[in-house]
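Enquirer: model this:
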Amino acid sequence: MLFTDLKIIEPILNALHKEGYTKPTPIQQGAIPFILQGRDLLGCAQTGTGKTAAFAIPMLQLLSKPHAAIAGQRPIRALILTPTRELAIQIQESFQAYGSGLRLKHLVVFGGVNQAPQTQALQRGVDILVATPGRLLDLMSQGYINLKDIEIFVLDEADRMLDMGFVHDVKRVITKLPSKRQTLFFSATMPKEIQGLANAILTNPEKVEVTPESTTAETIQQSLYYVDKANKRALLADILKDKSIETALVFTRTKHGADKVVKDLIRIGIKAEAIHGNKSQNARQRALSNFKDRTTRILVATDIAARGIDVDELTHVINYEMPNVPETYVHRIGRTGRAGLSGIAYSFCELEELPYLKDIQKLIGKEIPKDTNHPYHIDYSGVQMKKAPASNSQQNRHGGNNHSRPPHRKFTKQRY
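Expert: Below you'll find the predicted structure:
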């Protein structure tokens with residue numbers, strides 16, 4: 001299938017051609033026709049599957065139809081609500097690229113910066129608004145934003161909204177929307193809290209679900225290191241003695257674990273920063289910028305915080321802790337080896353993580369090659385690998401809670 005098969009108008013097709021896009025991804029193939037029909041949509045897809053284009057392209061087409069201005073003012077006709085500045089900026093850039101041939105005005109608003117340029121743009125008139133919850137509510141309370149004319153509402157990264165404590169802000173925004181609207185709801189996972197929110201705001205939706213990738217790119221060289229938990233820090237330091245590793249993205253399962261790894265690395269003279277939900281928006285943006293321009297050698301991230309991170313020519317990914325969701329392994333190491341380039345992925349596995357390893361290898365259909373030459377090697381060959389506890393994705397399929405982290409109500413709200 002090509003984009004030309006999806007009944008997309010010429011100006012958008014021309015813009016897609018300039019961007020080098022010819023074939024839609026599975027989420028785009030599934031979502032675009034329903035959105036163009038004006039249907040509500042429940043999309044389950046991870047970042048990196050082409051999700052933004054799946055809603056941006058049909059929205060631009062629907063909104064390109066003439067609309068009468070009210071007293072010379074452009075009303076806000078579409079709202080995309082997303083949890084972080086990084087994602088908001090990426091979405092805005094997508095609308096700008098795909099809508100370059102249209103006369104639609106779009107704006108991104110987020111906290112942590114002077115609001116004056118944002119309010120000035122709002123006063124000039126905006127068709128499409130991309131926003132983070134905190135700044136949106138602030139500008140609404142000041143009278144700069146009115147949502148009464150919204151025709152299309154997109155809630156993006158809904159599960160991450162919940163993780164970051166934004167659910168009440170989201171519900172406040174929803175109460176200000178007109179009841180007659182088209183709603184598009186996207187989430188990478190579907191725990192029961194997210195499903196409940198989707199049920200509350202969607203009307204007879206179509207569901208489009210993209211199965212997470214189960215294979216790893218052949219261009220990625222994978223290595224497995226059996227190691228005691230107590231020796232992981234020393235093993236990481238030993239690996240990073242290799243100066244050819246200019247930058248590396250290191251994954252932990254928890255925010256506390258990410259901070260601890262950063263402290264350990266700084267202690268031995270390696271420039272490292274962490275990125276996770278407890279960091280302020282400015283701190284996360286600064287850490288990501290420093291990593292991209294190679295001021296920081298090591299970026300330590302949790303899985304949810306790492307969504308949307310796209311670093312050109314990243315050569316190394318290190319799983320300091322094995323993920324407890326097997327699909328997450330594929331997503332993690334897929335940060336390297338992009339665009340036909342080669343990449344290297346190291347995974348540290350302690351005794352308690354053997355069940356996670358078993359599920360990962362079952363998913364990818366092969367064993368990860370073991371490196372037994374490192375000084376902290378432990379022989380786990382005689383250990384019987386037990387079945388892993390139900391992963392988040394397995395629980396979500398059966399409507400269960402995500403027990404790998406504290407209940408959502410314990411998360412502190414962060415306003416950006």
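Enquirer: C-alpha only now, for contacts and for neighbours.
Expert: Will do.
Enquirer: which residues of the stretch 101-250 of the chain fall in helices?
Expert: According to DSSP state H, counting those that start in this stretch, the stretch 101-250 of the chain carries its helices in the segments 116-124, 133-141, 158-163, 167-175, 192-201, 232-239.
Enquirer: tell me the most buried of the ones you listed?
Expert: Each of the helices of the stretch 101-250 of the chain was given a mean neighbour count from mean count of other C-alpha atoms under 10 Å, and the largest, a mean of 22, is that of helix 158-163.
Enquirer: Counting by contacts, list what that helix packs against.
Expert: Contact here means 3 or more C-alpha pairs under 8 Å, 6 or more residues apart in numbering; DSSP states H and E; on that basis helix 158-163 packs against strand 182-187, helix 192-201.
Enquirer: where does this structure have low pLDDT?
Expert: Flagging of the chain using pLDDT under 70 yields the residue ranges 47-48, 67-72, 211-215, 281, 304-310, 338-340, 384-416.
Enquirer: I'd like to know how far Phe110 sits from Arg284.
Expert: From Phe110 across to Arg284, the span is 14 Å (C-alpha to C-alpha, to the nearest Å).
Enquirer: Compare those two and say which one has the larger neighbour count.
Expert: With neighbours defined as other C-alpha atoms under 10 Å, Phe110 and Arg284 compare such that Phe110 has more, 27 against 21.
Enquirer: Was I right to think the more buried one contacts Pro83?
Expert: No: at 9.6 Å, Phe110 does not count as touching Pro83 under the criterion of C-alpha atoms under 8 Å.
Enquirer: Return every residue with contacts to both of these two.
Expert: When contacts are counted by C-alpha atoms under 8 Å, 6 or more residues apart in numbering, Phe110 and Pro83 have Thr132, Pro133 as shared neighbours.
Enquirer: any residues touching stretch 64-83, and which ones?
Expert: Taking C-alpha under 8 Å, 6+ apart as the criterion, the residues outside stretch 64-83 that touch it are 63, 88, 102-104, 124-133, 146-147, 149-158, 160-161, 164, 166.
Enquirer: go with 6 Å
Expert: Contacts with stretch 64-83, where a contact means C-alpha atoms under 6 Å, 6 or more residues apart in numbering, come from 125-132, 149-156, 161.
Enquirer: Which of these are buried, as a ChimeraX select command?
Expert: In ChimeraX, this line selects whichever of the contacts of stretch 64-83 come out buried by 16 or more other C-alpha atoms under 10 Å:
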select :125,126,127,128,129,130,131,132,150,151,152,153,154,155,156,161
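Enquirer: For the protein, which segments count as strands?
Expert: Assigned by DSSP state E, the chain shows strands spanning 41-44, 78-81, 106-109, 128-131, 152-155, 182-187, 206-209, 220-226, 248-251, 272-275, 298-301, 316-319, 343-349.
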